[in-house]
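1. Task: produce atomic coordinates for the following.
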Amino acid sequence: MKRLVLAALLILSLVAVPMGAVAQDGTNTTTATPTETASTPTPAAGDSEPEGPTAASQVRVTPVQFDEDFLGVAVNQSDSVFETTGPFAVFSLSQSVEAARVQQQPANAEVLAGGRQVRVDYDDDAAPLGEKSLYTLELFFEDGSTKEITLYARKTGVSVGASELQEYAPVIEELKEVSEAHGYGTSPDELQVYLGYINDRADLVEGFLTEKAAQLMGLAIAAATNWLFWVLLLAGIALLAKWIQRRYGGLLEALQNDVGRAERERRELELAYREQRQTADEVPLEDIPAVGSNAIYWQDGLKTRSAGQLARLAALGAHRKTDDGLEQVHDGVADLEPGNIENSWLEPVLRGNRIPTAKQALGEVKATLEYMETEYNLGHLYRDARDDVAQLIEELDNEDKMAFGPSNHGTGSDD
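-> Residues are numbered from 1 along each chain as shown. You can find the predicted model right below:
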């Protein structure tokens, strides 16, 4: 009986010890688990991805373009594949991003504008010269989703400074040519030596000219304050004036007198012209032998009473006053042609056979113009008009010969 009781107690003691140990271990796990879950969430094996669209699936990635030749981004595949040119690239995002990184080196990513932009910077050797390098940009969003973007980078060694140096390339080439022409080399060190030589020469010349200018200024100030300088200056001016007067005095005096003489002659000619014109206006038309008693027809028909009036009418034409000034009525003999004389401005003196023929009227005009030329030396005014009248008379003679000459000859033959 005692053996049975001892055996039962032994079994109970063995069972109690493990149950207590199990209860103690379960309490430690419960307090540690929240800490581990809060720091790094680890999904269970049976958990699934969040249902519905994610920020990564909805984000739109747009490259930011810069107005620089050495920067650029080309879109190979929307929102996922881009080709970048230059040392960096910037992308705008339609969804806010928490973090970004570039998996490969040497390149790194930086989040800007509150998560709405990402900038990718490349080192100078991120892409070999003339080749492209592949980089992957990872974007991490607030909802836990991620997105990978493929980047093909090229010309990452191009910088703003290198781009600006392209503008100075012609200047550098010209400097190299000038340096080589003066016996210097074209390497950077040799160009520096040549520039130093040029600067030394410039400083030397500038210093020499400045020194000479200062000396001349000092001499000028000293001379201006010395009365003897002014005496010598005035004496020199007087001697020079005397020499010019002796050598060129006659020529200067002749030129001065010629100017006065030309002015006097011009005035005398103008006065003579006015006197001659006034005198011609006082000569009655009947005093012209070729006009004679026909002067009454010229007076009645064209209101011309003197030789000067008829000559001006033939040479210059007639004018009449209007509200806007003078209006040209006709241009004198310049308007006359052999076929229209009877209907021209001569018509009033030819009307009703006052003067029998147009040829006779033109002869009287021509005689008046010649009278003005010979008696009053006004050929410069009336010579052209007189030649035009003479030409008209000759053309009328030719027409008469053609009209009557063959007819008379034919009649004589018939007789």
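2. Stretch 347-362: how far from the chain's middle?
-> Once both centres are worked out by CA atoms, centre = their mean, to the nearest Å, stretch 347-362 turns out to sit 67 Å from its chain's centre.
3. Sorry, slip of the keys, the one I care about is stretch 142-158.
-> The gap between the average C-alpha position of stretch 142-158 and the chain average comes to 47 Å, counting by CA atoms, centre = their mean.
4. which stretches of the stretch 301-415 of the chain form helices?
-> 307-316, 347-350, 358-376, 379-414 (DSSP state H, counting those that start in this stretch).
5. Just say which of those is most tucked in.
-> With neighbours taken as mean count of other CB atoms under 10 Å, those reach their highest mean count in helix 307-316, at a mean of 23. Backbone N, C-alpha and C define where each C-beta goes, glycine included.
6. what's it packed up against?
-> Contacting helix 307-316 under the criterion 3 or more CB pairs under 8 Å, 6 or more residues apart in numbering; DSSP states H and E are the following elements: helix 227-282, helix 295-302, helix 358-376, helix 379-414.
7. Dump those to TSV, plus mean pLDDT.
-> Output for the helices and strands packed on helix 307-316, formatted as TSV (pLDDT from 0 to 100):
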stretch	mean pLDDT
helix 227-282	75
helix 295-302	90
helix 358-376	89
helix 379-414	76
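8. all helices in the stretch 51-200 of the chain, in order from the N-terminus.
-> Listed in chain order (using DSSP H, counting those that start in this stretch), the helices of the stretch 51-200 of the chain are 55-58, 160-165, 169-181, 188-224.
9. Show me what counts as buried in stretch 328-344.
-> When neighbours are counted by 16 or more other CB atoms under 10 Å, the buried residues of stretch 328-344 are found to be 332-333, 336, 341.
10. quick one: Leu209 and Ala222, what's the gap?
-> Using CB to CB, to the nearest Å, one gets 20 Å for the distance from Leu209 to Ala222.
11. Next: Ile244.
-> Applying CB to CB, the value for Ile244 to Ala222 is 30 Å.
12. With respect to Leu313, which of the buried residues of stretch 328-344 is nearest?
-> Within the set of the buried residues of stretch 328-344, Gly332 lies nearest Leu313; the separation is 6.3 Å, counting by CB to CB.
13. My understanding was that that closest one contacts Ala314; is that so?
-> Yes. Proximity of Gly332 to Ala314 meets the contact threshold set by CB atoms under 8 Å, at 4.8 Å.
14. Identify the contacts common to those two.
-> By the contact definition CB atoms under 8 Å, 6 or more residues apart in numbering, Gly332 and Ala314 are jointly contacted by Ala385.
15. The helices of the stretch 51-200 of the chain: which one's closest to Ser306?
-> helix 188-224 (74.7 Å).
16. Quick check: buried residues in that closest one?
-> Of the residues in helix 188-224, those scored as buried under the neighbour-count criterion (16+ other CB under 10 Å) are 191, 194.
17. Which elements pack onto that helix?
-> Helices and strands in packing contact with helix 188-224 are listed as helix 169-181; criterion 3+ CB pairs under 8 Å, 6+ apart.
18. So which elements touch the helix it packs on?
-> In terms of contacts (3+ CB pairs under 8 Å, 6+ apart), helix 169-181 is packed against helix 188-224.
19. Return, as residue ranges, the portions of this protein with sub-threshold pLDDT.
-> When the per-residue scores of the chain are filtered using pLDDT under 70, the ranges that remain are 1-51, 158-167, 252, 254-262, 272-273, 276-277, 280, 405-415.
20. what does stretch 306-313 contact?
-> If you take CB under 8 Å, 6+ apart as the criterion, stretch 306-313 is touched by 277, 280-285, 287-288, 298, 302, 304, 332, 365, 368-369, 371-372, 378, 381-382, 385.
21. The residue nearest to Ala358 when sequence neighbours are not counted: what's it in contact with?
-> Among residues not flanking Ala358 along the chain, Ile341 sits closest, at 4.1 Å (CB to CB, 6 or more residues apart in numbering). Counting by CB under 8 Å, 6+ apart, Ile341 makes contact with 350, 358, 361-362, 392.
22. What is the neighbour count of His319?
-> Using other CB atoms under 10 Å, His319 has 12 other residues around it.
23. Kindly report the same for Asp300.
-> One way to gauge burial is a neighbour count; for Asp300, by other CB under 10 Å, it gives 13.
24. cool, Ser306 as well?
-> Ser306, neighbours per other CB under 10 Å, totals 21.
25. Now do it against Pro289, distance only.
-> Taking CB to CB, one finds Ser306 at 15 Å from Pro289.
26. just Thr225 next, same as before
-> Separation of Thr225 from Pro289 (CB to CB) stands at 88 Å.
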